[in-house]
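Trainee: Could you work out the structure for the sequence below:
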Amino acid sequence: MIVAGKAAEPSPSITLEGTLEVGEFYGPPDYGENPSGDDIEHSLFLQLPATPTTQLSDSKALTTFGPDAGRTYFVQVIVQDSERSAAEKAIGHRVQVIGVPFAPLAGHHRTPLLIDVKSLRPIGEWSW
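Mentor: Residues are numbered from 1 along each chain as shown. You can find the predicted model right below:
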């Protein structure tokens, strides 16, 4: 029996500003439980000068991701191939990221809030 349900509504895009950094973590197969045999993963993050709740004029979009999503100072960014070059040049610099927020889904997701990047650009000053 198949029951028709309401499809999940896509989250609206949000804009966050922070310093783009690279994090290094233990990956598969044991994610740090066997460091000598685990792969090392590198992930991009925004180190935020203020929480997402502070930066966003309307933080209601984050309520479905749990309370930590709005209070975090680190947001993992998922960069598509089209933005990869811009992201690599921006590591260590202030950036503005526009994208779709989502909650962690796998062991590779390291923060309570992630953002699928649609646009990434360097900035000089915080705009909020």
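
Trainee: Could you point out the helix or strand that follows the longest strand seen in the chain?
Mentor: Secondary structure of the chain per DSSP state E: the longest strand is strand 14-26. Under the assignment DSSP states H and E, the closest C-terminal helix or strand after strand 14-26 is strand 40-47.

Trainee: Let's see that next one as CSV, backbone CA atoms only.
Mentor: Below are the C-alpha coordinates for strand 40-47, written out as CSV (Å, rounded to 0.1, in the frame of the first residue of the first chain):
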residue,chain,number,x,y,z
ILE,A,40,41.5,12.2,6.3
GLU,A,41,38.7,14.4,5.0
HIS,A,42,38.9,18.1,4.2
SER,A,43,35.7,20.2,4.5
LEU,A,44,34.9,23.9,3.9
PHE,A,45,33.4,25.9,6.7
LEU,A,46,32.2,29.4,7.4
GLN,A,47,33.6,30.6,10.7
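
Trainee: Please name the strands paired to that strand in the sheet, noting orientation.
Mentor: strand 14-26 (antiparallel), strand 74-78 (antiparallel) (DSSP bridges).

Trainee: and the angle from the worst-scoring helix or strand of the chain on mean pLDDT to strand 74-78?
Mentor: Lowest mean confidence among the helices and strands of the chain (mean pLDDT, DSSP states H and E): helix 81-90, at a mean of 89. Counting by axes from the mean of the first three to the mean of the last three CA atoms, to 10 degrees, helix 81-90 points 130 degrees away from the direction of strand 74-78.

Trainee: All set now, cheers.
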